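A.B. asks: Here is my input; please provide its structure:
(chains A and B)
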Amino acid sequence: MSAAGEGLLPPGLGYGQLVGAVADPLMRGRMGRWYWTAFAAALLLTLVLVGSIVWLFIEGIGIFGNNTTIVWGFPIANYVWWVGIGNAGTLISSMLLLTRQPWRAAINRFAEAMTLFAVSIAGLFPILHLGRPYLSYWLAPYPNTMLLWPQWRSALVWDFAAIVTYLLFSVMFFYIGLIPDLATLRDRAQSRTGQVVYGILALGWRGSARHWARHDAVYRAMAAMAVPLVVSVHSVVGLDFAAGLMPGWQETIFPPYFVVGALFSGFAMVVVLAALMRWGFGLQSLLTARHFEAMAKVILAASVIMAISYGTEWLMSWYGGERAERSFLRHQLAGSDALLYWGMIACNVGAPQLLWLPAARRSLPVLIGISLLVNIGMWLERILIIWDTLSHGYLPSMWRPWHVTVWDWALLAGSLGFYALLFLVFARVLPVVSMHDMGKLRHEEGGSR
Amino acid sequence: MTAPLLLAEFRDPDTLLAATRRAREAGLRDLDAHTPFAVDGLPEALGLAGSRLRPVMLLAGLAAAALTYALCWYGGVVSYPFNTGGRPLHTWQVFLVLCFEAGILAAAIAGFVGFFVANGLPRLHDRVFAAHGFERASQDRFFLAVADPQADADGLAALLDGLAPLSVRAVDA
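C.D. replies: Numbers count the residues shown, from 1 in each chain, chains lettered A, B, ... in the order given. Now for the predicted structure:
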């Protein structure tokens, strides 16, 4: 029907085969050696995460490289990086739904799952970074014997509200989208266990047109709310910095710059996961070159906006004329960690420019390489925002170098492992591609039977 | 005593749409359809009233935002005034951040809960599940369901003549 949909669906595949392509790998019940190797590695790293957290609780935050000047360090950088990755999933899913992008159908499910897991992990870091994590509930307003209220003007309270809202919202959005597919799995399951488990999770969904109409109404309304919500979440994270009176932080550009950065790293992560899913579950027919090309274009656009943002930061530091800001800029561009800064520029601004070439957008290895570089670059950006500013504030007597400890790395690696573990479990028990969205797309594209 | 349930099974959504329009024009009532995905035009063909969930979501969101504003104001101005660097106590600009988050959360919860309440889900059983082959309604078959006491399977089959339903039958309740 529409030219936009060309190449998104395998020709001649009926509704039943579409469902089979997604559901059968789940129902066969045997995963290959690659899966169990990855699972074992992810489990090992998850144990590293648990071990680090236990040691953190025993020993306190002195195990990190933070000091009285660099008070934030790795935990907050990891937090911002994970929230960024988490931001993209719901944004991708909802924005592409509202703008009726036909290529959404194949990627929205695991983009949403990616969000859920990333935001859950992100939420851990600020709590772990609290010296007394067992008091983190003090952020919530509740009647207490101390007669105290949360400080509404504190960015930490905004963060708490934004992350909790976003996490709960994403769970509900994910589940509503998943229910019809759970019913499909219930009806397709051969084993009694599968029928019972998916049957309970599907909550008696029977595909009634009345239910579908409400499903559509709620799902679209939630998608429309998700876009401003996602923008607010990473804007609030940007405000954590912008509300701090430090050179390099106090900039009005921070909220939008953080949102684009989140979209940028999130799309890069989606590309990596999509490539892995496609290979691991044999979804070549559903995740096509067209999908990757569309995502490559978004990454390229976001990279250009990042370049403009960096340029704006430099210009304003110079043009504003304040001595501390200019000194900070010199430190950033030519100071002790300038190499990391230029590495970040190379990853975030340099590498993605290759995607102007159509051949690079269509080459999966090139695209995956660039996506990995973008994720590394965005992580460098997060850590440098913290290190550079905190180590080079207004008071030169407070300037300190920073160190990284083994526990900093262990917590980061552990969180990556835990993320991989959650994703592997998700891919094993739930459909990684939304079957009802694929069916709808097939119908709209005029294919039948 | 509920009316017997008739199911007509189709292979593709467009035929289901045509069948639904025919059934409605013939004056049959209590029509429903069971499909593996949302079919465009089906709610209109069935003559379904628009969902009232969105106004409910809006109201819940606005109410939660107002409540949050009141909470911030009471906590920050009346109950526990705290001077942070000489800033005013009634800092409505930053209260709005929290109001926005609370409003979105409440609207989403209202939509989520309302979706289940309006649909009568979760539900352990429904008589359509007793129909043979109904498990394909979530995969690749499209069912028209008629619960009109005036209708019977032969009449429905005659009405749908030419649309080639795979089957037309009554479901034992």
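A.B. asks: Going by neighbour count, which residues in the helix or strand of chain B with the lowest mean pLDDT are buried?
C.D. replies: Between all helices and strands in chain B, the lowest mean by mean pLDDT, DSSP states H and E belongs to helix B:153-159, at a mean of 77. Residues of helix B:153-159 classed as buried by neighbour count (16 or more other C-beta atoms under 10 Å in any protein chain shown): B:Ala153, B:Gly155, B:Leu156, B:Leu159. Heads up, the C-betas are built off the backbone N, CA and C, glycines and all.
A.B. asks: Identify the residue spatially nearest to the first one, adjacent ones excluded.
C.D. replies: Put plainly, it is B:Ala153. B:Ala170 (5.0 Å; C-beta to C-beta, 6 or more residues apart in numbering or on different chains).
A.B. asks: What mean pLDDT does the helix or strand that A:Gly414 is a member of get?
C.D. replies: If you go by DSSP states H and E, A:Gly414 is part of helix A:406-429. In this model, helix A:406-429 has a mean pLDDT of 92.
A.B. asks: can you confirm B:Asp32 is in a strand?
C.D. replies: Yes - in this structure, B:Asp32 lies within a strand as judged by DSSP: H, G, I helix; E, B strand; the rest coil.
A.B. asks: who's it bridged to?
C.D. replies: B:Ala145 (DSSP bridges).
A.B. asks: any chance you could map the strands in the chain?
C.D. replies: Unless you meant another one, I'm taking chain A. The residue ranges that make up strands in chain A, judged by DSSP state E, are empty, as it has none.
A.B. asks: Actually, chain B is the one I wanted.
C.D. replies: Taking DSSP E to define them, one finds strands in chain B at B:5-10, B:31-34, B:142-146, B:167-171.
A.B. asks: packing partners for the first one?
C.D. replies: With contacts defined as 3 or more C-beta pairs under 8 Å, 6 or more residues apart in numbering or on different chains; DSSP states H and E, the packing partners of strand B:5-10 are helix B:13-25, strand B:142-146, helix B:153-159, strand B:167-171.
A.B. asks: Low-confidence regions, the chain specifically.
C.D. replies: Reading this off chain A. When residues are selected by pLDDT under 70, those of chain A lie in A:1-8, A:10-12, A:29, A:446-449.
A.B. asks: Wait, chain B was what I had in mind.
C.D. replies: By pLDDT under 70, the weakly predicted segments of chain B are B:1-2, B:173.
A.B. asks: Outline the domain layout of it.
C.D. replies: The record's domain parsing of chain B by automatic domain parsing lists B:5-50+B:126-171, B:53-119.
A.B. asks: Number of residues surrounding A:Ala427?
C.D. replies: A total of 21 residues lie near A:Ala427 under the criterion other C-beta atoms under 10 Å in any protein chain shown.
A.B. asks: oh sorry, the question was meant for A:Asn67
C.D. replies: Counted with other C-beta under 10 Å, the burial measure for A:Asn67 works out to 15 neighbours.
A.B. asks: list the contacts for the closest residue in space to it that isn't next to it in sequence?
C.D. replies: The shortest distance from A:Asn67 to any non-neighbouring residue, by C-beta to C-beta, 6+ apart, is to A:Arg400 (5.7 Å). Residues counted as contacts of A:Arg400 (C-beta atoms under 8 Å, 6 or more residues apart in numbering or on different chains) are A:Asn67, A:Thr68, A:Thr69, A:Ile70, A:Ser391.
A.B. asks: Distance to A:Gly86 added to those residues, as CSV?
C.D. replies: Below are the contacts of A:Arg400 laid out as CSV (distance: C-beta to C-beta, whole Å):
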residue, distance to A:Gly86
A:Asn67, 29
A:Thr68, 30
A:Thr69, 29
A:Ile70, 25
A:Ser391, 28
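A.B. asks: Just the buried residues of those.
C.D. replies: Listed as buried from these are A:Thr69, A:Ile70, A:Ser391; burial here means 16+ other C-beta under 10 Å.
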